[in-house]
Every structure is written in structure tokens, then in C-alpha cells.
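Student: Need the 3D shape of this:
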Amino acid sequence: MSRASKKFQVDQRVVYPSQGVGIIKSIEEKSFKENAVLYYVIYLEVSDMTIMVPVDKATALGIRPIVAKDEALKALELISEDYEPVPSDWKVRYQTNVDLLKKGSVMDIATIVRSLYHRSKVKELPIQERKLYDTALKLLEDEVSCSLRKPKEEVENMIFARLEER
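Tutor: Have a look, this model is predicted:
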């Protein structure tokens, strides 16, 4: 049996950075190079995909629990706050946002949504940046709706209402 300590439980909702909210369906032991390795089997609803992640690598991959309600509310608050103008060079802006997406905290995701939303009001986003914005928005909606236990449509309306405050 693998000595990896299990941080998450079956049926627990977790966030897989840049992939979205998933639910741990099972914890299974598999042989890998003649060693027994424990894996989380995570179903990602947004992409209708099931992935297996080694238990001892989950933290390094950034897998984390859904944020608490107060943290979700802080993320919603962040998107309605003033912000620093983003660099006009889209490549610099894109790389900065990709780095934030990889870090994967709900506040980082909210920062991406806020900056790209407002940038899109000034000038149409390049295709890659538009995809990044859509991904970040979906990740934010999914996690906040899980945290607040509200329907995704309601959370989407909350997000856009706050973005429009600026």
C-alpha cells in the first residue's frame, strides 16, 4: 500500500487548476513500475472527463478544496474593485494571465476575469486571449457556484453585475 497521505475524500469537490471543479469519485490503488500507487479518480464535469492523479502529487499539481464562502465572496468583490491598467502588449498580458491561471487560486482567476473583461471593453481581445478569458470565467463561475451553493446562471449574473459596476 502506498504511504501517500490522503488529503481529499471520495465525493469531495476539488479544484484542478486550469481544468475546473471536479469531484473525487474514488481513490484507487494501481501498480506503477512494480510499486503500488494511490490515485484520486476525479470527474471533471466541465469537460466530461475523468482523470487519475497520484495522491502524492495532488498538492504539487495545485489540486485544492473548493474555497470557503467568504473567499468566494472576496473573489466576487475583487472583480468590482479598481485595478491597474493591463499592459497594452497582448503577449505580455497573455503570459501574465496564463501564469495566474496556472497558480489557480480563486483570487487569481477573478483577477484574470476582471482585467480581460475591461480590456475587451476597450479593444477586442485576440483569439488566444479570448479563450483564456472564457476559461477563467468558466472556472470562476464553477467554483463560486459550488462554494455559495447557487446555480451557475445566478453566479454568472452576479459576476457580470459586479464587472459592470466599473
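
Student: care to break this protein down by domain?
Tutor: Taking automatic domain parsing as the domain assignment, the ranges for the chain are 13-65, 69-163.

Student: How far off centre is the top strand by length along the chain?
Tutor: If each strand of the chain is counted by residues according to DSSP state E, the longest one is strand 20-32. Centre-to-centre, strand 20-32 and its host chain are 18 Å apart (C-alpha atoms, centre = their mean, to the nearest Å).

Student: Which elements pack onto it?
Tutor: Packing partners of strand 20-32 (3 or more C-beta pairs under 8 Å, 6 or more residues apart in numbering; DSSP states H and E): strand 13-16, strand 35-44, strand 49-54, helix 127-148. Bear in mind the C-beta positions are built from the backbone N, C-alpha and C, glycine included.

Student: what's the offset of the lowest-mean-pLDDT helix or strand in the chain from the middle of its chain?
Tutor: Lowest on mean pLDDT, DSSP states H and E among the helices and strands of the chain sits helix 90-103, with a mean of 90. Centre-to-centre, helix 90-103 and its host chain are 14 Å apart (C-alpha atoms, centre = their mean).

Student: What residues of stretch 8-24 count as buried?
Tutor: 8, 13-22, 24 (16 or more other C-beta atoms under 10 Å).

Student: Let me fix that, I meant to ask about stretch 21-41.
Tutor: Buried residues in stretch 21-41, counting neighbours by 16+ other C-beta under 10 Å, are found at 21-22, 24, 37-41.

Student: again, but for stretch 106-121
Tutor: So for stretch 106-121, counting by 16+ other C-beta under 10 Å, buried means 106, 108-117, 119.

Student: can you list these in CSV and add pLDDT?
Tutor: CSV is the format used below for these (pLDDT from 0 to 100):
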residue, pLDDT
106, 95
108, 94
109, 95
110, 96
111, 95
112, 95
113, 96
114, 95
115, 92
116, 93
117, 94
119, 90
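
Student: Count the neighbours of the residue nearest to residue 115 when sequence neighbours are not counted for me.
Tutor: Excluding its sequence neighbours, the residue lying closest to residue 115 (C-beta to C-beta, 6 or more residues apart in numbering) is residue 86, at 4.7 Å. Residue 86 has 17 neighbours, counted by other C-beta atoms under 10 Å.
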